[in-house]
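J.: how would this look folded up:
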Amino acid sequence: MSSKRLVSLVYKNEVKFILSNALKVLAIQVLFNIATSNIFLQDFYGVNYFPTSQGDFIDVNQDILIIQPSSVQLNLQTAFINCSDARYIRSDLDSQIDILSIGYIVNEKGMRNTLIRFDNLTSLNNKKIVRAYVGLSGTPHSATLCLDPKEILVYRIDQKYGKITKWIEMPIYNPVPITSIIVEDTLGKIFYLDITLLVNDWINGTYANYGILLKPKDLVGIESRKDFHNSQKPPYLKVIYLTI
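T.: Next comes the predicted model:
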């Protein structure tokens with residue numbers, strides 16, 4: 001496989017993660033301490049994927065895969081968690097409109113970043129998380145929205161913040177993006193940001209849960225604004241987890 005995606009692998013009662021271009025029999029054996037090399041993969045829809053003679057899995061486009069043969073039946077549950085805070089801040093003015101805005105507006109000479117937080121994750125304690133996505137609902141068109149494809153980067157926030165409205169109040173965040181998404185037309189569409197590893201890190205205490213920051217990959221001076229609903233259709237966290 002040429003592309004690199006995060007894949008969730010499920011074996012018995014374990015969930016582990018691997019990059020799609022590393023899907024090989026030997027890598028899976030080592031990851032789960034499986035003695036036999038006589039294994040294959042199965043997606044949630046029951047489609048089977050068998051390795052090549054070199055032990056590679058090719059043409060696998062699913063994000064959740066079960067290692068077979070397995071002694072248990074896969075049972076996935078889905079939980080939805082509402083955001084506890086969502087807001088955007090802009091470099092030229094204080095934030096005012098009830099939307100979540102990301103990107104630069106040339107005629108206003110202003111950059112916009114969005115912050116989203118999910119404070120109450122206690123319901124996920126002791127859950128074996130398979131995938132976790134942030135869901136965003138796109139807004140209708142406006143005169144200042146960019147309809148060209150633009151990449152939005154997602155960062156882990158590393159500092160607690162309150163009811164901020166000013167650009168200078170933006171919290172500290174890790175400079176390495178955890179994921180990204182290409183957004184074209186937002187009208188009537190729902191976009192999912194895969195933050196599976198970050199949610200696991202929040203739950204196991206690797207990082208404090210201060211939320212995520214969304215900002216454009218394009219720099220200042222390039223039209224890139226994308227808008228999403230806030231209170232009308234607020235962001236949510238969709239978590240798929242394993243039950244035995």
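
J.: for this structure, which segments count as helices?
T.: Under the criterion DSSP state H, the chain contains helices at 25-32, 196-204.

J.: flag every buried residue along stretch 117-136.
T.: 117-118, 121, 124, 127-136 (16 or more other CB atoms under 10 Å). Placement of C-beta: from N, CA and C, glycine included.

J.: let me see the domain layout of this structure.
T.: Per the record, the chain has its domains at 6-72, 79-243, by automatic domain parsing.

J.: want to throw the ones you listed into JSON lines with mean pLDDT?
T.: Below are the domains of the chain laid out as JSON lines (pLDDT from 0 to 100):
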{"stretch": "domain 6-72", "mean pLDDT": "91"}
{"stretch": "domain 79-243", "mean pLDDT": "92"}
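
J.: which residue packs closest to Arg5, ignoring adjacent ones?
T.: Leaving aside its sequence neighbours, Arg5 sits nearest to Ser20 (CB to CB, 6 or more residues apart in numbering; 4.3 Å).

J.: so Ser8 versus Ser123, what's the distance?
T.: Applying CB to CB, to the nearest Å, the value for Ser8 to Ser123 is 19 Å.

J.: check Met170 too.
T.: From Met170 to Ser123 the distance is 29 Å (CB to CB).

J.: what of Leu237?
T.: Applying CB to CB to Leu237 and Ser123 gives a distance of 10 Å.

J.: now do Asp185
T.: 34 Å.

J.: what's the answer for Ser20, then?
T.: Using CB to CB, Ser20 is found at 29 Å from Ser123.

J.: now swap in Asn113 and tell me
T.: 28 Å.

J.: in contact with the most centrally placed residue in the chain, which residues are there?
T.: Central residue of the chain (CA atoms, centre = their mean): Asp194, 1.7 Å from the mean position. Residues near Asp194 by CB atoms under 8 Å, 6 or more residues apart in numbering: 6, 63, 131-133, 179.

J.: so Asn230 makes contact with Gln96?
T.: No: Asn230 sits out of contact with Gln96 when judged by CB atoms under 8 Å, with a separation of 11.9 Å.

J.: which one of those two has more residues nearby?
T.: Counting neighbours by other CB atoms under 10 Å for Asn230 and for Gln96 shows that Asn230 has the greater number, 22 against 9.

J.: if I look at the residue located most distally from the centre of the chain, how far off is Val25?
T.: Within the chain, Ser53 marks the point farthest from the mean C-alpha position, 33.7 Å out by CA atoms, centre = their mean. Distance of Ser53 to Val25, given as CB to CB: 11 Å.
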